[in-house]
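Engineer: Next come a sequence and a model predicted from it.
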Amino acid sequence: MAEKQIPQKYLDEAVDRLMETGHYSLAEATEIAIDDWRIDHGERCEWEPTVEEEKAMRKATKVVGERKKSAAPVKRERKEDAVKQELIALLAAALGESADNIEITNKERMIAFTVGEDNFEVMLTKKRKPKK
C-alpha cells in the first residue's frame with residue numbers, strides 16, 4: 001500500500017495533546033500520533049499482527065470441548081388463591097344483570113363478557129406484600 005502523507009497540522013495537534021495529557025516524550029508522542037493516523041486511514045502498523053496471525057490467534061482462543069448443559073427449569077406447583085377465585089366469582093355474578101356471554105376465562109384472573117356489541121375483559125391482579 002502506498003504510504004499516504006500525514007498532514008502536519010494533524011501531527012502537531014496530536015503530539016501536543018499527547019504530551020499534555022499522556023506525559024509522553026516528543027519522540028513517543030510523534031510515534032503514537034503517526035500510528036493513530038495510519039490506523040484511522042486503514043494502514044497496518046508493524047506491531048499489528050498479520051491476517052494469518054490474527055486467524056491463528058482466533059483459532060487458539062476458541063474453547064474446545066463439551067459445553068456444560070444447562071439444568072432444566074424447575075417447574076413449581078402454584079398454590080391456588082381462594083380469595084382471588086371468590087372475587088372473580090363475585091364480579092361475574094355482579095355483571096350478570098348488565099352483561100351477556102359472561103365467561104370466567106381464568107378462575108383466578110380473568111372474566112370475559114359482552115355489553116351490546118362490545119367485548120370486554122376484566123383482569124384481577126393481586127399485589128405482593130411490601131418488604132420490611
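Structural biologist: Sure, I can see it. Numbers count the residues shown, from 1 in each chain.

Engineer: If you count contacts, what does the lowest-mean-pLDDT helix or strand in the chain end up packed against?
Structural biologist: For the chain, the helix or strand with the lowest mean confidence is helix 51-61, at a mean of 78 (criterion: mean pLDDT, DSSP states H and E). Using 3 or more C-beta pairs under 8 Å, 6 or more residues apart in numbering; DSSP states H and E as the contact test, no helix or strand touches helix 51-61. For glycine as for every other residue, the C-beta is placed from the backbone atoms N, C-alpha and C.

Engineer: following that helix, which helix or strand comes up?
Structural biologist: Downstream of helix 51-61, the next assigned helix or strand under DSSP states H and E is helix 82-95.

Engineer: Give me the contacts around the very next helix or strand once past that next one.
Structural biologist: Per DSSP H and E, helix 82-95 leads on to strand 100-106 as the next helix or strand towards the C-terminus. By C-beta atoms under 8 Å, 6 or more residues apart in numbering, the residues outside strand 100-106 that reach it are Ile88, Ala89, Ala92, Leu95, Gly96, Met110, Ile111, Ala112, Phe113, Thr114, Val115, Glu121.

Engineer: Just the buried ones from those?
Structural biologist: Listed as buried from the contacts of strand 100-106 are Ile88, Ala92, Leu95, Ile111, Ala112, Phe113; burial here means 16 or more other C-beta atoms under 10 Å.

Engineer: and of those residues, the nearest to Glu53?
Structural biologist: Of all the buried ones among the contacts of strand 100-106, Ala112 has the smallest distance to Glu53: 65.4 Å, by C-beta to C-beta.

Engineer: that older thread, just the CA atoms of the least confident helix or strand of the chain, as PDB, please.
Structural biologist: The C-alpha trace of helix 51-61 is given here as PDB (Å, rounded to 0.1, in the frame of the first residue of the first chain):
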ATOM      1  CA  VAL A  51      -4.000 -11.500   8.700                       C
ATOM      2  CA  GLU A  52      -2.600 -15.100   9.200                       C
ATOM      3  CA  GLU A  53      -1.500 -14.300  12.700                       C
ATOM      4  CA  GLU A  54      -5.000 -12.900  13.600                       C
ATOM      5  CA  LYS A  55      -6.600 -16.100  12.200                       C
ATOM      6  CA  ALA A  56      -4.200 -18.300  14.300                       C
ATOM      7  CA  MET A  57      -4.900 -16.200  17.400                       C
ATOM      8  CA  ARG A  58      -8.700 -16.500  17.000                       C
ATOM      9  CA  LYS A  59      -8.300 -20.300  16.400                       C
ATOM     10  CA  ALA A  60      -6.100 -20.600  19.500                       C
ATOM     11  CA  THR A  61      -8.600 -18.800  21.700                       C
END
